[in-house]
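K.L.:
dropping a prediction and its sequence here:
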Amino acid sequence: MEYYDYVKSLHLIFVVTWFAGLFYIPRLFIYHIEALEKPSPAKEILSEQLKLMSNRLWFIITWPSAVLTTLTAVWLLVLFPEWLQEGWMHIKLAFVVALFAYHFKTHLIYKEFQQDIIKWTSNGMRIYNEVATIILFAVVFLVITKSTTNWLLGTFSLIGLAVLLMLGIKLYKRIREQKQA
């Protein structure tokens, strides 16, 4: 397969840009939530700017990257259909389904923010933002190790990572509140 390395390289590039969008859009949502706490006219000016930034990020980077990631993934599976018989690939695909669920949920949140419907707190959005991190860790380890033998250990590691992320978010919130007081 002379062009396998090119397809794999493109796939990895699109994965990176897709995750960049998925990591950054909740950050813009957090800024938007916090902007709404400011007095007028700053609140309105910041809100409109953040809507514009979110729109560009979502439709120029994140969505195209998701589509291109999927197309190159399918291309790789056409080149190596035997991967579909391997346990690690089944688990990876389950995480990919979870990633798409996260992506679609984020799209719904994006649409609400564009209409000034804000149902999230900044802390809640920080926690939501970590879902993509956990999925990324899981997929990278599965693809690199191609192993399901230590799946239980991997699951506990992901839970540990999630707990550490939540503690980090709580610590960050506490430090932030102390600085504002």
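P.N.:
Now that the structure is in, tell me what you want to look at. On a predicted model such as this, the values are computed, not experimentally measured, just so you know.
K.L.:
show me what counts as buried in the top helix by length along the chain.
P.N.:
Counting residues, the longest helix found in the chain (DSSP state H) is helix 4-35. Judged by neighbour count using 16 or more other Cβ atoms under 10 Å, the buried positions of helix 4-35 are 7, 10-11, 14-15, 17-19, 21-22, 24-26, 28-33, 35. Every C-beta, even on glycine, is put in place using the N, C-alpha and C of the backbone.
K.L.:
Three-state assignment for Glu37, please.
P.N.:
Three-state assignment for Glu37 (DSSP: H, G, I helix; E, B strand; the rest coil): coil.
K.L.:
from Ile30, how far out is it?
P.N.:
Glu37 sits 12 Å away from Ile30, going by Cβ to Cβ, to the nearest Å.
K.L.:
which stretches of the chain form helices?
P.N.:
All helices of the chain, identified by DSSP H, fall at 4-35, 42-56, 63-79, 87-114, 122-145, 151-180.
K.L.:
can you lay out the ones you listed as CSV showing mean pLDDT?
P.N.:
Shown next, in CSV, are the helices of the chain (pLDDT from 0 to 100):
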stretch, mean pLDDT
helix 4-35, 97
helix 42-56, 97
helix 63-79, 97
helix 87-114, 96
helix 122-145, 88
helix 151-180, 80
